[in-house]
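K.L.:
Here is my input, please return the structure:
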Amino acid sequence: MSIIEIEHTIPMLKSPRTIRIYRPTELSAEEALPVIYMHDGQNVFSGETASFGKGWEVHHALHTVKLHAMIVAIDSPDDGMDRYDEYAPWTDEALLMRTAYPSHRTTIGGNGKQYMDWIVHELKPHIDTHYATIPTDTTMIGSSMGGVISLYGLFAYPEIITRVAALSTAGWANFSSLLEFIERSPRLSEQHRCYMDVGTKEVSGPMTENDYLHTNDVLAKAVQKKVDSATYTVIPNAVHHETEWAKRMPDILRFLFSS
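P.N.:
Have a look, this model is predicted:
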């Protein structure tokens, strides 16, 4: 596996970031490829860099499904609270309840719009300039809070992002704002595809299985009204962990890139 690491700073957030770039080594550097942008980039490949010791090993999933694509994996902030800020387009009480222990924080969330603007207006043009890509073929994948920001990206920039996978979305975060944003968005075109899923045993902090199941059910129904090629799967006994998301990746890629 050959991964190039580059360093960028998100100017509006004054936040330095490692970005891990993977292209299948068997392909020519001149072959234009679709690009998959992924959040929590430290978890996308090897468990050696993963937050909890297990990586998604997405490069293996690409080979399993014989998909020629490029991965751009954006590390999340080192501070978990900054991650909530960055992956949530809006502030809300659910985020404060979930992360109540840092007493110095009075608000959490609200930087997601700036983060997505940076991906679309700065990072993507950089990638398209320095690598052989198909600029009109852009996918975004994230889990948990990464699912929240990925769904936001699909409806905020449908002219740029055509495929999204939101795994085990932390739907309780930004729930009302995200739901309203989706419901008020125009219907997307035939080229758009959206995959969503959730396990029946997902918990995080005070958030229960019912919190995950209910909010994902509601969000998925809203997405399916806007996207013709949308699917939503409830996975029996699946928990909130990278091992689960790694297992699902081949099927997710097959759906997103099916003709």
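
K.L.:
And Tyr37, how close does it get to Ile21?
P.N.:
11 Å (CB to CB, to the nearest Å). Quick note: C-beta positions are derived from backbone N, CA and C, even for glycine.

K.L.:
Which one's more surrounded, those two?
P.N.:
Set side by side, Tyr37 and Ile21 show more neighbours around Tyr37, with 25 against 18, by other CB atoms under 10 Å.

K.L.:
Surely that one is in a strand?
P.N.:
Yes: according to DSSP: H, G, I helix; E, B strand; the rest coil, Tyr37 belongs to a strand.

K.L.:
Tell me who's in contact with it.
P.N.:
For Tyr37, the contacting residues are 72-74, 119, 123-124, 138-141, by CB atoms under 8 Å, 6 or more residues apart in numbering.

K.L.:
So for stretch 58-71, what gets flagged as buried?
P.N.:
58-59, 61-62, 65, 67, 69-71 (16 or more other CB atoms under 10 Å).

K.L.:
what residues does that stretch touch?
P.N.:
With CB under 8 Å, 6+ apart, stretch 58-71 has contacts from 1, 20-24, 27, 31, 33-36, 38, 44-45, 73, 127, 131, 133, 139, 246, 249-250, 253-254, 257.

K.L.:
hmm, 6 Å instead?
P.N.:
Applying CB atoms under 6 Å, 6 or more residues apart in numbering, the contact partners of stretch 58-71 are 1, 22-23, 33-36, 44, 249-250, 253-254, 257.

K.L.:
okay, how far is it across that stretch, tip to tip?
P.N.:
One end of stretch 58-71 to the other measures 8 Å (CA to CA, to the nearest Å).

K.L.:
pLDDT (mean, whole number) over it?
P.N.:
When pLDDT is averaged over stretch 58-71, the result is 96.

K.L.:
Start at 46, not 1
P.N.:
I'll keep to 46 as the first residue from here, and by that count the last item is stretch 103-116.

K.L.:
Just checking the distance from it to the centre of its chain.
P.N.:
17 Å (CA atoms, centre = their mean, to the nearest Å).

K.L.:
Same question for stretch 264-274.
P.N.:
17 Å.

K.L.:
And stretch 261-273, by the same measure?
P.N.:
17 Å.

K.L.:
just stretch 115-128 next, same as before
P.N.:
Distance, centroid of stretch 115-128 to centroid of chain: 10 Å (CA atoms, centre = their mean).

K.L.:
now for the helix or strand bottoming out on mean pLDDT in the chain, which elements pack on it?
P.N.:
When the helices and strands of the chain are compared on mean pLDDT, DSSP states H and E, helix 138-143 comes out lowest with a mean of 78. Under the contact criterion of 3 or more CB pairs under 6 Å, 6 or more residues apart in numbering; DSSP states H and E, helix 138-143 touches no helix or strand at all.
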